[in-house]
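# Pasting a predicted model and its sequence here:
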Amino acid sequence: MQTRRIGDVDVSSIGLGGMPMSIEGRPDEERSVATIHAALDAGITLFDTADAYHRDAGEVGHNESLIARAIASHGGDTSNVLVATKGGHLRPGDGSWTLNGSPEYLKQAADASLKRLGVEAIGLYQFHRPDPNVPYGESVGAIRDLLDAGKIRFAGISNANPEQIKQANDILGGRLVSVQNQFSPAFRSSEPELELCAELGIAFLPWSPLGGITKASELGSRFAPFAEVAKAHGVSPQQVTLAWMLAKAPIVIPIPGSSRPETTRASAQAAALSLTADEVATLDAA
């Protein structure tokens, strides 16, 4: 497994997104644990979660707890694993998503995540989504306070635009290490954020890189150039998509979600796939 940098640590160039293992349609815990173990066995050392990755109102942090248990039960050396979680997005339990970016809430949420993950400091803590009812600087200021207090090792933001990235990095005193935005063949409006992160040396973590839980399997039929390149290499369109993202900039670390060991292994294998400059240009234009 090739590695890339988040802050001053090396992580696998492809991570694992945990959301499908905890929301609607989730598998049983046995399969989820097997998926996380398969990721570890494949060399994946970046796991993305959030306190809002749960289904029912009374199980906030379901995915954080699941990942913590699975890593602890793996049996191998997991000292190089970085777990990234997020706060500021909530699920009341009726299928909806709400926001709370108040500094008080974010600090409480981080404390709760810290306990569920069972660590002395959260590896990477990210402000999940801007709250229009709270000044952005105040929300990021809470992340800065958590960083200064040693409760989190690294600070990141999610679903941010270029101005928010610059503002967050200023508030954090140049210590912003990651930006997690939606990016996929179907969703390319985060190109400016990706380019800014490359300029600043900040890791860019595409979420839903394969188009989301319900559309990932249709990627090749929806985007013919990805299917054509995949056929030429004898791989899947999904693997080509991840390799394409890796080729765009050395700061890109895709975090495809999965709830099956086989798809996790396939995603990990994409790290070894090399595309030509012409293939990357073709996919960029697709």
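That came in fine, so what should we check first?
# for the stretch 101-250 of the chain, what spans make up the strands?
122-127, 152-158, 176-182, 203-207 (DSSP state E, counting those that start in this stretch).
# Remind me what the second one packs against, helices and strands.
Contacts defined by 3 or more CB pairs under 8 Å, 6 or more residues apart in numbering; DSSP states H and E place strand 152-158 against strand 122-127, helix 136-148, helix 162-171, strand 176-182, strand 203-207. The way it works is simple: take the backbone N, C-alpha and C, and place the C-beta from them, glycine included.
# Residue 244 is nearest to which of these?
Closest to residue 244 of the helices and strands packed on strand 152-158, according to CB to CB: strand 203-207, at 10.6 Å.
# name the helices or strands packed onto the closest one?
Counting by 3+ CB pairs under 8 Å, 6+ apart, strand 203-207 packs on strand 3-6, strand 152-158, strand 176-182, helix 191-200.
# Mean neighbour count and mean pLDDT added to those, as a markdown table?
What follows is these, written out as a markdown table (neighbours: other CB atoms under 10 Å; pLDDT from 0 to 100):
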| stretch | mean neighbour count | mean pLDDT |
| --- | --- | --- |
| strand 3-6 | 18 | 97 |
| strand 152-158 | 24 | 98 |
| strand 176-182 | 24 | 97 |
| helix 191-200 | 16 | 97 |
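# Including distance to residue 74, could those go into TSV?
Below are those laid out as TSV (distance: least, CB to CB, whole Å):
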stretch	distance to residue 74
strand 3-6	19
strand 152-158	21
strand 176-182	24
helix 191-200	31
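# among the helices and strands of the protein, which has the poorest mean pLDDT?
Every helix and strand of the chain was ranked by mean pLDDT, DSSP states H and E. The lowest is helix 219-222, at a mean of 89.
# now for that one, which elements pack on it?
Using 3+ CB pairs under 8 Å, 6+ apart, helix 219-222 sits against helix 224-233, helix 237-248.
# Pick the most deeply packed of those helices.
helix 237-248 (a mean of 24; mean count of other CB atoms under 10 Å).
# Look through the protein and tell me its longest helix.
As assigned by DSSP state H, the longest helix anywhere in the chain is helix 103-117.
# closest to residue 88 out of the helices and strands packed on strand 152-158?
Of the helices and strands packed on strand 152-158, nearest to residue 88 by CB to CB is strand 122-127, at 5.3 Å.
# Centre of the chain to that closest one, how far?
11 Å (CA atoms, centre = their mean, to the nearest Å).
# hmm, who's touching that strand?
6-7, 81-88, 101, 106, 110, 113-114, 139-140, 142-143, 146, 151-158, 168, 177-178, 180 (CB atoms under 8 Å, 6 or more residues apart in numbering).
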